[in-house]
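1. need a structure here:
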Amino acid sequence: MEPEIRQSSSPVVGWARTHKMFVIGVMMFTLSVGIMIGSIVSGRVGAERAAQGDATAQLLAVPSPVQLSSAFAAIADKMEPAVVNISTQAPAERPRRQQRRQAPQSPDGFNDFFDRFFDFPDQGSAPTRSLGSGVIVDKRGYILTNNHVVERATKIQVKLEGDKTTYNAKLVGADEETDLAVIKLEASRDLPVARLGNSDAVRVGDWVLAIGSPFGLEATVTAGIVSAKDRGNVGQQFQRFIQTDAAINPGNSGGPLVNMAGEVIGINTAILTRTSGYDGVGFALPSNTAINVYNQLVKEGKVTRGSIGITFQEERSSNPVLLKEMGAPHGIYIEEVRPGSPADKAGLKAGDIVTEVNGQAVKSSSDLVNPIVATPIGGNVRVAYIRDKQRKEASVTVEDRSKLFPETASRRTDAQGEEAASEFGLRVEELTPEIARRLGLQERNGVIVAQVEPGSFADDLGFSPRDIVVEVNREAISSLADYKRSVGKLKAGQNVLFKVLRRVGEDRFLTVPLAGVVPEAQ
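-> Presented below is the predicted three-dimensional model:
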């Protein structure tokens, strides 16, 4: 019988097993410690490399609200002494019983360019008192403001913020094309002055402050940013605005728009609104425009602009499809050349596309108009144009725009500041392509009512601002010259019939007849 073999259970065998387990445990512990140490070292090295690796990268910092607030306060302290409150008196307001006729609210807010931008306290039949703002730009008392703040004013008063002193001021000159004006007060001391900046350097997104007297609340400061630059197709031809969301309201007109360097980079002029109040869209005329207008008004009392005698409509004349078909890479399509104008004498014709002025590409109306306007009267500009897909050039002499386009010349005022032409208390203006487009008019015949004098013959007939006069005694009206000619024929005691278009919807107009007897005294 084979002997039975059994596993030994001696103490030596048990010790060997225990020793083996101990060694394995020690090894595992050592490995774990090594991994931990490696991770720590690796993290430290990574952090050091991150700190030392991109030495050229500039770290970004979030501005402290306290720092921004301090900057706003410092600018306000610096600027407020140079910002003034302007109040004016104009001919007597209509009686309260006649105040029921109000200009209808425009759905697109365009009425704010007609319903002038101030505060009108209800004073019954007392003289109208209007409130606006201005900014002192010369220590001798010269003040920049908006034309619509002081137009038709028989008395202008200016209140200084520093000492609350009120001064009488006189009109130095006004430019209706840009809606800017210069007034002057006489003080026995040098006045605080605001520094004007370069509006061309403004960037969309820059912080700005608006300072003025909204609703007569003097020295009001609001903050916002530059929302857009060179905003056209909003006002008149020579108005290219800085758009801002800084709160602007009636009474802010003529006040400064200020950058973070404490420089005036715009003159607050208008708002676009659906509510008759601030809707976040305000417009300021750039300081560079204001400087040019100011210098001419102070020197000459008027603004002279050059022209070569061509007309165009930017929306149509810069159409890419049209330009491509005409063989032009860019440019402005000429719709009309005035007979006998410099452009006519130089050989330009309707249908040509202007592609360059003085060697600079023309890609917008500003590229075409600005160099011509900036050229002294009698000087020459070099114009490149496309005709029949062939490039041509011409040297064109610049003439006074008011002589080439007398219908768009600014209205002159007499020594008392009253308008020279205001038949029946009705002030009308040329119906420009921009205004017609904004109003939704398919055709551009007629003239637009800009203002109705309260209590006047026109007011009694029922005229309202923004009415379009298309006939006078059955004579068609196509321009301001037609209107003046027709009205000039009327005699006291004669029946007169006006045919007007009145906007009642987005693109809807009613034909309204307005009739009466011409009064003895006009």
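2. Just give me the neighbour total for the nearest residue to Gln313 once chain neighbours are set aside.
-> The shortest distance from Gln313 to any non-neighbouring residue, by Cβ to Cβ, 6 or more residues apart in numbering, is to Pro433 (5.0 Å). All C-beta atoms are positioned from the backbone trio N, CA, C, and that covers glycine. Pro433: 18 surrounding residues under other Cβ atoms under 10 Å.
3. separation between Pro433 and Asn233?
-> Distance, Pro433 to Asn233, using Cβ to Cβ, to the nearest Å: 10 Å.
4. Give the buried residues for whichever strand or helix holds Ile265.
-> Assessed by DSSP states H and E, Ile265 sits inside strand 264-271. Buried residues in strand 264-271, counted by 16 or more other Cβ atoms under 10 Å: 264-271.
5. what do you get for stretch 178-189?
-> 178-185.
6. So which of these are in strands?
-> Counting by DSSP state E, these place 180-185 in strands.
7. Spit out the contact partners of the most centrally placed residue in the chain.
-> The chain has Phe241 as the residue nearest its centroid, 2.7 Å off, counting by Cα atoms, centre = their mean. Phe241 makes contact with 230-232, 234-235, 266, 269-270, 283-286, according to Cβ atoms under 8 Å, 6 or more residues apart in numbering.
8. That one bridge partners, please.
-> Per DSSP bridges, the residues bridged to Phe241 are Arg231.
9. Compute the inter-axis angle for the strand holding Ile265 and strand 180-185.
-> Angle, strand 264-271 to strand 180-185, by axes from the mean of the first three to the mean of the last three Cα atoms, to 10 degrees: 110 degrees.
10. immediately after strand 264-271, which helix or strand?
-> With DSSP H and E, the next secondary element past strand 264-271 is strand 282-286.
11. helices and strands around the next helix-or-strand element following that following strand, which ones?
-> The helix or strand immediately downstream of strand 282-286 is helix 287-300, counting by DSSP H and E. When contacts are defined as 3 or more Cβ pairs under 8 Å, 6 or more residues apart in numbering; DSSP states H and E, helix 287-300 packs onto strand 142-146, strand 166-175, strand 180-185, strand 264-271.
12. Show me what the third one pairs with in its sheet, parallel or antiparallel.
-> Strand partners for strand 180-185, identified by DSSP bridges, are recorded as strand 142-146 (antiparallel), strand 166-175 (antiparallel).
13. Quick one: mean pLDDT over the shortest one.
-> This means strand 142-146. For strand 142-146, mean pLDDT rounds to 96.
14. Would you map the helices across the stretch 401-522 of the chain?
-> Secondary structure of the stretch 401-522 of the chain by DSSP state H, counting those that start in this stretch: the helices cover 401-404, 433-439, 457-461, 480-488.
15. Of these, which shows the lowest average pLDDT?
-> helix 433-439 (a mean of 77).
16. Tell me the buried residues in it?
-> 433-436, 438-439.
17. Output that helix as PDB - backbone C-alpha positions only.
-> Below are the C-alpha coordinates for helix 433-439, written out as PDB (Å, rounded to 0.1, in the frame of the first residue of the first chain):
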ATOM      1  CA  PRO A 433     -36.600 111.900 -51.600                       C
ATOM      2  CA  GLU A 434     -35.600 110.900 -48.100                       C
ATOM      3  CA  ILE A 435     -38.700 112.400 -46.500                       C
ATOM      4  CA  ALA A 436     -41.000 110.900 -49.200                       C
ATOM      5  CA  ARG A 437     -39.500 107.500 -48.700                       C
ATOM      6  CA  ARG A 438     -39.900 107.600 -44.900                       C
ATOM      7  CA  LEU A 439     -43.500 108.700 -45.300                       C
END
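18. Distance from the chain centre to it, please.
-> In terms of Cα atoms, centre = their mean, to the nearest Å, the gap separating the centre of helix 433-439 from the centre of its chain is 17 Å.
19. How many neighbouring residues does Asp388 have?
-> 9.
20. phi, psi of it?
-> phi 50, psi 40 (degrees, to the nearest 10).
21. ok, the nearest residue to it once chain neighbours are set aside - how many residues close by?
-> The shortest distance from Asp388 to any non-neighbouring residue, by Cβ to Cβ, 6+ apart, is to Gly327 (8.0 Å). Residues within reach of Gly327, counting by other Cβ under 10 Å, total 13.
22. Next: the one 5 residues further on.
-> As a burial measure, Ile332 scores 27 neighbours (other Cβ under 10 Å).
23. One more: Ser402?
-> Counted with other Cβ under 10 Å, Ser402 comes out at 16.
24. do the same with Gly488
-> Neighbours of Gly488 (other Cβ under 10 Å): 8.
25. Also the one 4 residues further on?
-> Other residues near Ala492 come to 10 when the count uses other Cβ under 10 Å.
26. Tell me where the stretch 51-200 of the chain is predicted with low confidence.
-> 51-55, 63, 65, 91-130 (pLDDT under 70).
27. residue boundaries of the helices in it?
-> So, for the stretch 51-200 of the chain - with DSSP H, counting those that start in this stretch - the helices run 65-79, 147-150.
28. what packs against the shortest one?
-> Judged by 3+ Cβ pairs under 8 Å, 6+ apart, helix 147-150 is in contact with strand 83-92, strand 127-138, strand 166-175, strand 180-185.
29. Looking at the ones you listed, which is nearest to Gln451?
-> strand 83-92 (10.2 Å; Cβ to Cβ).
30. For the closest one, enumerate the helices and strands it packs against.
-> strand 127-138, strand 142-146, helix 147-150, strand 155-160.
31. domain assignment for this structure?
-> Taking automatic domain parsing as the reference, the chain has its domains at 78-103+118-185, 199-300, 306-404, 421-517.
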